[in-house]
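Asks: Just to be clear, the model below is a prediction. Sequence and coordinates:
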Amino acid sequence: ERSRILNRIADLIESHLEEFALAESRDQGKPVSLARAVDIPRTVYNFRFFATTILHTTQSATYLENVQATNYTVRTPLGVAGLISPWNLPLYLLTWKIAPAIACGNTVVCKPSEMTSVTAWMMCRLLNDAGLPQGVVNVVFGYGPKAGEAIVKHPDVPLISFTGSTLIGQRITEQSAPHCKKLSLEV
């Protein structure tokens with residue numbers, strides 16, 4: 001079911017590619033040709049990639065001869081993923097966070113950059129049409145120190161994925177430490 005929904009989201013974004021490309025260009029300041037050829041197609045690819053991956057990825061075990069141990073990989077949802085994306089590739093990097101979270105069975109609370117949030121808003125309008133249940137993807141619009149920090153500090157958000165500055169990544173690490181949150185930082 002998740003695979004079907006992820007593919008449907010990809011289909012809907014792809015069917016509105018020109019609108020997304022124009023909005024991304026206006027909002028971010030990049031040439032529309034770049035948004036049309038790279039950013040929005042990569043966004044579509046993100047959803048398709050994870051829609052396919054979940055159909056073929058299973059539990060695994062690897063035997064490590066040198067230490068005579070077996071390493072098991074068990075894939076289970078963590079719950080709510082807090083996702084904070086940057087301004088430079090707004091929709092592409094946001095969906096690189098959203099798609100795997102949904103694929104793994106998590107819900108998300110995401111905050112796009114306050115400087116480039118138009119295409120995130122546009123994507124939200126398509127999620128219900130794709131069959132995604134309400135509450136699976138929640139988008140918070142606002143400034144990092146208020147909206148982003150609220151996500152990071154929330155005790156019921158066990159996972160944070162952040163792309164942005166080193167300074168803010170360090171701050172997120174400090175704020176997450178008391179809760180032993182899983183972190184993915186691209187700084």
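Replies: Perfect, thanks for sending it.
Asks: in the protein, which spans are helices?
Replies: Taking DSSP state H as the test, the helices found in the chain are 2-15, 17-28, 32-34, 40-56, 90-103, 118-127, 149-153, 166-176.
Asks: And the shortest one, how far out from the chain middle?
Replies: Meaning helix 32-34. 23 Å (CA atoms, centre = their mean, to the nearest Å).
Asks: Ok, the fourth one next?
Replies: Counting by CA atoms, centre = their mean, helix 40-56 is centred 12 Å from the centre of its parent chain.
Asks: Using PDB, write out every CA atom in it.
Replies: In PDB, the C-alpha atoms belonging to helix 40-56 read as follows (Å, rounded to 0.1, in the frame of the first residue of the first chain):
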ATOM      1  CA  ILE A  40      11.400  18.500  -9.800                       C
ATOM      2  CA  PRO A  41      12.400  15.300 -11.700                       C
ATOM      3  CA  ARG A  42      14.600  14.400  -8.700                       C
ATOM      4  CA  THR A  43      11.700  15.000  -6.400                       C
ATOM      5  CA  VAL A  44       9.600  12.600  -8.500                       C
ATOM      6  CA  TYR A  45      12.500  10.100  -8.500                       C
ATOM      7  CA  ASN A  46      12.800  10.300  -4.700                       C
ATOM      8  CA  PHE A  47       9.200   8.900  -4.300                       C
ATOM      9  CA  ARG A  48       9.700   6.300  -7.000                       C
ATOM     10  CA  PHE A  49      13.000   5.100  -5.600                       C
ATOM     11  CA  PHE A  50      11.600   4.500  -2.200                       C
ATOM     12  CA  ALA A  51       8.400   3.000  -3.500                       C
ATOM     13  CA  THR A  52      10.400   0.400  -5.300                       C
ATOM     14  CA  THR A  53      13.000  -0.100  -2.600                       C
ATOM     15  CA  ILE A  54      10.400  -1.200   0.000                       C
ATOM     16  CA  LEU A  55       9.200  -3.900  -2.300                       C
ATOM     17  CA  HIS A  56      12.600  -5.500  -2.500                       C
END
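Asks: helices or strands next to it in the packing?
Replies: helix 2-15, helix 17-28, helix 90-103 (3 or more CB pairs under 8 Å, 6 or more residues apart in numbering; DSSP states H and E). For the C-beta atoms, the positions are set from N, CA and C on the backbone; glycine is no exception.
Asks: Report the central residue of the protein.
Replies: Of all residues in the chain, the one closest to the mean position by CA atoms, centre = their mean is residue 97, 1.8 Å from it.
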